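Visitor: here is a sequence together with a model predicted from it:
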Amino acid sequence: MQAGERIFGYDVARAFAIFGMTLVNYKVVMTADGSGPGWLAFATGLFEGRAAAVFVVLAGVGLSLASRRERQSGDSEALFNARKTLWKRAAFLFVVGMLYLPIYLGDILHFYGIYITIGALALSASGRWLWGLAAAFVIAFSVLILGFNYEAEWDFTTLEYEGLWTPLGMLRNLFFNGLHPVIPWTAFLLAGMWLGRRDMSDSSVSKRVFLMGAGVALFAEFLSAVLIETLTARASADSVEAIRAVFGTEMLPPVPLYMLAAGGTAFAVIAMCVMLSPRFVHLRLHRALVATGQLSLTLYVAHVVLGMSILDIFGRLENQSLEFAVTSAVVFFALAVAYSDKWRQHFGRGPLEWAMRRLTA
């Protein structure tokens, strides 16, 4: 891959991640779980904790691509300047996320700010160090969950978090038991930084990444199913829920098998988008999806601030069916794709992407 050459498959993957996150968030906010046909519940369940993981892995890819020249030059001053720019952008994302956290507790942007702050420190780390650090974050969570109450402050039936705006509550939510806690979710970003150093324009490399990701995800899912079935067979009723939490692959809590399953899925999805994208580059839909991925920050905020607000105005934000939640996500995404395509025909960056660049230059 030549310097400066853009891999549009990353943008396509980011667009699909936006759709997946919109779908999951609308389903959660509308309390639509269990209100639709089994096949639809299963299909939408596949996005839970996976779409967001794709988003974070891609952020790591972006960090490596954005700092490639400085990293390869070995110029310590240039590398420090790259870190400063990333820290400014991290602060911007943290502030934006915190501003609308009171509206939507499921925000990921304020977590992003901390992931990127940590990732910037690791810009010059070797591939082994990146994997080692990623493993350390996963292991650290396993240690924390043994010593602290993961459910502290949570009401999982309403997804409300008591004491969020207290210093201790905010720290606990950010680093341990929030929806996308720094420990262990930073591991996704670090893995993405490793991926961003691979030449994914080489089909043999992208195929290996796909096989690696798919293999890890399938292994984690298989091991989880075997362990849960074996351990719950003779367990008491009180222990079954704990066993499923410790050895499951669901997003909450983000235990090691979940991290492997979601991380492997993210690698496979990204590699697949990179491999297939060149085949469809002549299609207008491909161009529109690329534009959507390039406006991902704007669209992420819009799906809450605009999408949920409009639904709330019409009284359709709470207690809706799964079919309505899915339809709402599909409609939002279709409008987002059309909007992004038109916007990119006239402007270089999306509104929030432009503001971030302008304020952090």
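Guide: Nice, thanks for sending it over.
Visitor: tell me which residues touch residue 64, please.
Guide: By C-beta atoms under 8 Å, 6 or more residues apart in numbering, the contact list for residue 64 reads 71, 123, 192-197. In this view, the C-beta of every residue, glycine as well, is placed from N, C-alpha and C.
Visitor: from residue 167, how far off is the most far-flung residue of the chain relative to its centre?
Guide: Here the chain reaches farthest from its C-alpha mean at residue 234, the gap being 36.2 Å by C-alpha atoms, centre = their mean. Noted for residue 234: a distance of 44 Å to residue 167, by C-beta to C-beta, to the nearest Å.
Visitor: where does this protein have low pLDDT?
Guide: Within the chain, the set of residues satisfying pLDDT under 70 comprises 1-5.
Visitor: and the strands in it?
Guide: Here the chain has its strands, by DSSP state E, at 154-155, 160-161.
Visitor: out of those strands, which comes closest to residue 305?
Guide: strand 160-161 (20.1 Å; C-beta to C-beta).
Visitor: which parts of the longest helix along the chain are buried?
Guide: The longest helix of the chain (DSSP state H) is helix 203-232. Of the residues in helix 203-232, 206, 209-210, 213-214, 216-217, 220-221, 224, 227-228, 231-232 count as buried by neighbour count, 16 or more other C-beta atoms under 10 Å.
Visitor: got it, and stretch 240-254?
Guide: For stretch 240-254, burial by neighbour count (16+ other C-beta under 10 Å) applies to 243-254.
Visitor: now flag whichever of those is closest to residue 25.
Guide: residue 251 (12.3 Å).
Visitor: check contacts around the closest one.
Guide: 48-49, 52, 179, 258, 262.
Visitor: between those, which has the most around it?
Guide: Using other C-beta atoms under 10 Å as the neighbour test, the contacts of residue 251 are led by residue 262, with 27 neighbours.
Visitor: quick one: it and residue 13, what's the gap?
Guide: Distance of residue 262 to residue 13, given as C-beta to C-beta: 14 Å.
Visitor: repeat for residue 301
Guide: 19 Å.
Visitor: residue 189 now?
Guide: Taken as C-beta to C-beta, the span from residue 189 to residue 13 is 15 Å.
Visitor: same check on residue 356?
Guide: Residue 356 is 20 Å from residue 13, by C-beta to C-beta.
Visitor: neighbour-wise, which of these two wins?
Guide: residue 13 (26 against 19).
Visitor: contacting residues around that one?
Guide: Residues near residue 13 by C-beta under 8 Å, 6+ apart: 54, 58, 269-270, 273-274, 293.
Visitor: ok, now with 6 Å
Guide: By C-beta atoms under 6 Å, 6 or more residues apart in numbering, residue 13 lies in contact with 270, 273.
Visitor: how about the one 10 residues further on?
Guide: In this structure, residue 23 makes contact with 47, 329, judged by C-beta under 6 Å, 6+ apart.
Visitor: my guess is residue 275 meets residue 208, correct?
Guide: No. Taking C-beta atoms under 6 Å as the definition, residue 275 is not a contact partner of residue 208, at 11.1 Å.
Visitor: just want the most central residue of the protein.
Guide: Closest-to-mean residue, the chain, C-alpha atoms, centre = their mean: residue 52 / 2.4 Å.
Visitor: not including adjacent chain positions, what is the nearest residue to residue 255?
Guide: Ranked by C-beta to C-beta, 6 or more residues apart in numbering and with sequence neighbours excluded, the top spatial neighbour of residue 255 is residue 246, at 6.0 Å.
Visitor: quick check: that neighbour vs residue 46, distance?
Guide: Residue 246 is 22 Å from residue 46, by C-beta to C-beta.
Visitor: hmm, back to that, and the buried residues of helix 203-232 as CSV, adding distance to residue 116?
Guide: Putting the buried residues of helix 203-232 into CSV (distance: C-beta to C-beta, whole Å) gives the following:
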residue, distance to residue 116
206, 25
209, 22
210, 26
213, 22
214, 27
216, 24
217, 25
220, 26
221, 29
224, 30
227, 34
228, 35
231, 38
232, 39
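Visitor: counting neighbours, what do you get for the nearest residue to residue 41 once chain neighbours are set aside?
Guide: Excluding the flanking residues, the one nearest residue 41 by C-beta to C-beta, 6+ apart is residue 322, at 6.3 Å. When neighbours are counted by other C-beta under 10 Å, residue 322 registers 21.
Visitor: mind listing what residue 322 touches?
Guide: 32, 35-36, 40.
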